[in-house]
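1. here is my input, please return the structure:
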Amino acid sequence: MSKIKSAFSLFLAVVIVLLSGCSDIQSLVHKNNSDFNSDFYEIADISSKANNYSSIDINGDNILFLTSENEKPYELTLYDANNDRVIAETSLSDCPFEYISGAKFNSENEIIIFDESSEKGITYDLSLNKTGETEYSPKVSYDSAEKSELITDRFTYEDTYASSREGDNFYFVSYSNVEEVYVFNDFDKDFLDVNDKKLLLSETEYSEKSRTSTITVSVEDYENALCLNKITLDKTLKGYYSQITVSSVSDKYACFVECISNEITGGQKFIPFLWKYTENSVNEKTDVKKMTKNDFNTENSRLIDEIKGKYGIDVKVNEEAQFTDHNADYDATPLEVNFVLFTLNDALSLFPENFIKEVYDLEYINGLTIYIVSSIEGAGAYAVDFIDPLEIVFSSSSFSESIVFHEFMHLIDNRIENYYEEHNMSFRDMWCELNPKDFEYYGDNDYEHDGEYFVSHYAMTNVEEDLADTFQTMYSVYETDYADDIIEHEHTKKKADLLCEAIRKAFPSMKNTQDVCWEKYANIEK
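-> Below is the predicted model:
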């Protein structure tokens, strides 16, 4: 009987904690390890005093936190990681700045809080006594940073490095050698911080079914493509989402704050952790490529040849298209071109075998050329479906895999129209019958139909853009597994099904194809 009572008591305690909201879930999610000699533990002295963390900085064994609690002013807290104790803290209630951008070590013995917009700072000693006011130069900008022919203003610029995420690729450049770019092919990893030749990264795995998330944090030596160490935070409770908000890494420590959010109540719990990552190195090889301008050019040539060989498509870089009514910037860097080619190649592989050739293998057309430029005035991309060869022009500055599906739909439409005309039907008439009775394309349309009959407001422009945006959304449903955009409303679902059916009828390559990405939620016969 005592065992039954104990089990029930434990169950009851769990239920009480779950019902009490996000602020009390900490004991279920993490062990509060007070043994500061452990290589990973929660900094309890700080977590109990703050519910918002703005910045972290590390200098030796000293870790600086800029925090706040509810409506109270910001606080500076200096923590001694070696002895697991707070050594100084002070309120910033007398700060004259309208906004505090951050706090960091200005030198070995000086701390500065700063407002980037006013370019002013206030200095403190290590006892957090105010020592004066000073000018503060904001972090490195595109104009002032060290650059090479590979780096553009799409990179985020910090004091010693620049980084950018493009699709599945994450690019990192150290200012100590701006001619080399480190390429991480890992969509799920988030870049957190850098120190010397070490990157602090996190990777969140979220289960839609169980509604739980797991975070793996790693420190990686990017120069040698080694993961020095990694830890996995415990799975959070069902209905909670976890992410890293602020962080910092040094040669010895990684310090970061995990935010656990209750998806029902909106409540949040912030937990600061200290990780002495050097105490247990794993030294696993990672998938990182170090590439120069010549490497990118070589890789680009290989990808262009591969696309030509697989799909018969000619790819031209920084050249003017045969037909254009747009001005363009023809100065895409080798890195930007590589991102487009890499992503384009992946997107094309999602179409059935021979499908792409059927797009341009028509009675009056026998070819397709894709142009890659830096930017297009007034457009992100465009397709030309009435000349031979057909043309698509992609802007590297606004490129994504879903855009490939949008532009290809403008060309797919040719074969669909031909098929229905041969069978004495009008596909466009069938499509327009699914619109509201009083609706007309090209008109001054309000937003009331957006979402119910159209996947976007842009889709209300004309039939061609309606088709293209619908097809793009059908791909996005496959990519993100977020089906509401296409099946939530009866009318958009009917359009999606009609388009899937039309593609199957018009393209011979679909005859023996069971599954394609745009049919994930389609209700049609295959």
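2. which parts of this structure are helices?
-> 2-19, 26-29, 44-47, 293-311, 334-348, 355-360, 401-422, 427-432, 463-480, 484-487, 490-506 (DSSP state H).
3. distance to residue 229 and mean neighbour count added to those, as CSV?
-> Where you see a C-beta, it was placed from the backbone N, CA and C, and this is true even at glycine. Below are the helices of the chain laid out as CSV (distance: least, CB to CB, whole Å; neighbours: other CB atoms under 10 Å):
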stretch, distance to residue 229, mean neighbour count
helix 2-19, 31, 10
helix 26-29, 22, 14
helix 44-47, 23, 18
helix 293-311, 29, 15
helix 334-348, 30, 22
helix 355-360, 45, 20
helix 401-422, 33, 20
helix 427-432, 56, 16
helix 463-480, 32, 21
helix 484-487, 40, 17
helix 490-506, 46, 19
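4. show me what counts as buried in stretch 106-119.
-> Across stretch 106-119, burial judged by 16 or more other CB atoms under 10 Å covers 106, 111, 112, 113, 114, 115.
5. which of the residues you listed lies closest to residue 346?
-> Taking CB to CB as the measure, residue 346 lies nearest residue 114 of these, at 42.0 Å.
6. show me the contacts for that closest one.
-> Contact partners of residue 114, counting by CB atoms under 8 Å, 6 or more residues apart in numbering, are 100, 101, 102, 103, 120, 121, 122, 136.
7. residue 76 versus that one, what's the distance?
-> 12 Å (CB to CB, to the nearest Å).
8. tell me, what's touching these two both at once?
-> Joint contacts of residue 114 and residue 76 (CB under 8 Å, 6+ apart) are residue 103.
9. quick one: contacts for residue 516?
-> If a contact means CB under 8 Å, 6+ apart, then residue 516 has 350, 351, 352, 510 as its contacts.
10. which phi and psi does it have?
-> Main-chain dihedrals, residue 516, degrees, to the nearest 10: phi -130, psi 160.
11. with distance to residue 158 and mean pLDDT as added columns, please give the helices of the chain in a markdown table.
-> Compiled in a markdown table, the helices of the chain are given as follows (distance: least, CB to CB, whole Å; pLDDT from 0 to 100):
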| stretch | distance to residue 158 | mean pLDDT |
| --- | --- | --- |
| helix 2-19 | 40 | 36 |
| helix 26-29 | 31 | 38 |
| helix 44-47 | 24 | 87 |
| helix 293-311 | 22 | 97 |
| helix 334-348 | 18 | 95 |
| helix 355-360 | 41 | 97 |
| helix 401-422 | 28 | 96 |
| helix 427-432 | 49 | 96 |
| helix 463-480 | 30 | 91 |
| helix 484-487 | 35 | 67 |
| helix 490-506 | 43 | 94 |
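12. which of those sits closest to residue 379?
-> Here helix 401-422 is closest among those (CB to CB), at 10.4 Å.
13. let's see that closest one as CSV, backbone CA atoms only.
-> Presented in CSV, the C-alpha positions along helix 401-422 are these (Å, rounded to 0.1, in the frame of the first residue of the first chain):
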residue,chain,number,x,y,z
GLU,A,401,14.0,26.8,-53.5
SER,A,402,10.3,27.6,-53.5
ILE,A,403,10.9,30.4,-56.1
VAL,A,404,12.1,27.6,-58.5
PHE,A,405,8.6,26.1,-58.3
HIS,A,406,6.9,29.4,-58.8
GLU,A,407,8.9,30.3,-62.0
PHE,A,408,8.7,26.7,-63.4
MET,A,409,4.9,26.8,-63.1
HIS,A,410,4.9,29.7,-65.6
LEU,A,411,6.5,27.2,-68.1
ILE,A,412,4.6,24.1,-67.0
ASP,A,413,1.4,26.0,-67.9
ASN,A,414,2.2,25.7,-71.6
ARG,A,415,1.9,21.9,-71.7
ILE,A,416,-1.2,22.0,-69.5
GLU,A,417,-2.9,24.5,-71.9
ASN,A,418,-1.9,22.4,-74.9
TYR,A,419,-3.3,19.2,-73.4
TYR,A,420,-6.7,20.7,-72.5
GLU,A,421,-7.1,22.5,-75.9
GLU,A,422,-6.4,19.2,-77.7
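14. name the helices or strands packed onto it?
-> Packing contacts for helix 401-422, counted by 3 or more CB pairs under 8 Å, 6 or more residues apart in numbering; DSSP states H and E, involve helix 334-348, helix 355-360, strand 361-362, strand 381-384, strand 390-395, helix 427-432, helix 463-480, helix 490-506.
15. the last one - contacts with which helices or strands?
-> In terms of contacts (3+ CB pairs under 8 Å, 6+ apart), helix 490-506 is packed against helix 401-422, helix 427-432, helix 463-480, helix 484-487.
16. residue 90: which of those helices is closest?
-> helix 463-480 (45.2 Å).
17. touching that closest one from outside, list them.
-> So helix 463-480 is in contact with 350, 401-403, 405-410, 412-413, 428, 431-432, 441, 454-456, 458-460, 482-483, 485-487, 492, 495-496, 499-500, 517-522, going by CB under 8 Å, 6+ apart.
18. for stretch 65-82, same thing?
-> 43, 45-46, 49-56, 61-64, 85-93, 95, 100, 102-103, 111, 113, 124, 126, 128, 253, 255, 272, 274, 276.
19. quick check on those residues: which are buried?
-> For the contacts of stretch 65-82, buried by 16+ other CB under 10 Å: 43, 46, 49-56, 62-64, 88-90, 92, 100, 102-103, 111, 113, 124, 126, 128, 253, 255, 272, 274, 276.
20. alright, calling it a day.
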